[in-house]
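K.L.:
what would the 3D arrangement of this be:
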Amino acid sequence: MDNWYLLYSKPRQESRAQQHLANQGFESFVPQITQRKLQAGKVVDKTELLFPRYIFLKANTTLNLGVIRSTRGVAGFVKFGDVIATVPTPLITGLMQQQITLQQHAPAHPFTAGEQVTILDGPFASLNAVFQQADGESRSFILLQFLGQTQQVSIDNNNLAQPGLT
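P.N.:
Coordinates of the predicted model:
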């Protein structure tokens, strides 16, 4: 019977450990998530580990601990006292399905460059502006006509809406 175990990897060596485990015939899973991030002034999709340094390993209950512990990239098993941590199969299945769902439905930014927006709250409430670009995951740069000049302002996305939707 196969169980899912929890391994701890060496720093930033999850991929290496996963590859070497696969070379030995083991199935492993490292959950990842793709998020839109602002990097060098541009919005990019960046894939990150959901649980850094943790690897889920599917193995027979009569596994050879020494073989797995000596695998390149693996620091060791996660243990509670002397008991090796096991993970319920439905949890792993759920994580795998969720990862597939998130990859198929990557969240898009709610506005596009040049789009007219209305400010909902704060000192500029009810003013119209032009969306310029994302400023991280939860904020945006907008261009606002204020006192006869165009000002670039960073504002929380929750305080923006398309005109007519307020």
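
K.L.:
please name the nearest non-neighbouring residue to Thr86.
P.N.:
Here the nearest residue to Thr86 in space, its sequence neighbours aside, is Asn3; by C-beta to C-beta, 6 or more residues apart in numbering that works out to 5.1 Å. The C-beta positions use only the backbone N, C-alpha and C, and glycine is treated the same way.

K.L.:
how about that neighbour, what does it touch?
P.N.:
With contact taken as C-beta atoms under 8 Å, 6 or more residues apart in numbering, Asn3 is in contact with 58-61, 86, 89.

K.L.:
give me the below-cutoff pLDDT ranges for this protein.
P.N.:
Applying pLDDT under 70 to the chain flags the ranges 36-44, 104-109, 164-166.

K.L.:
buried set for stretch 131-145?
P.N.:
Burial within stretch 131-145, assessed by neighbour count using 16 or more other C-beta atoms under 10 Å, is assigned to 131-135, 139-142, 144.

K.L.:
Gln35: which of these is nearest?
P.N.:
The shortest approach to Gln35 among the buried residues of stretch 131-145 belongs to Ala134, at 11.5 Å (C-beta to C-beta).

K.L.:
report the outermost residue of the protein with respect to its centre.
P.N.:
Among residues of the chain, the one most distant from the C-alpha centroid is Gly148; the distance is 41.2 Å, by C-alpha atoms, centre = their mean.

K.L.:
OK, contacts around the closest residue to Val87 other than its chain neighbours?
P.N.:
The shortest distance from Val87 to any residue that is not its chain neighbour, by C-beta to C-beta, 6+ apart, is 4.3 Å, and that residue is Trp4. Neighbouring residues of Trp4 by C-beta under 8 Å, 6+ apart: 56-58, 86-89, 91-92.
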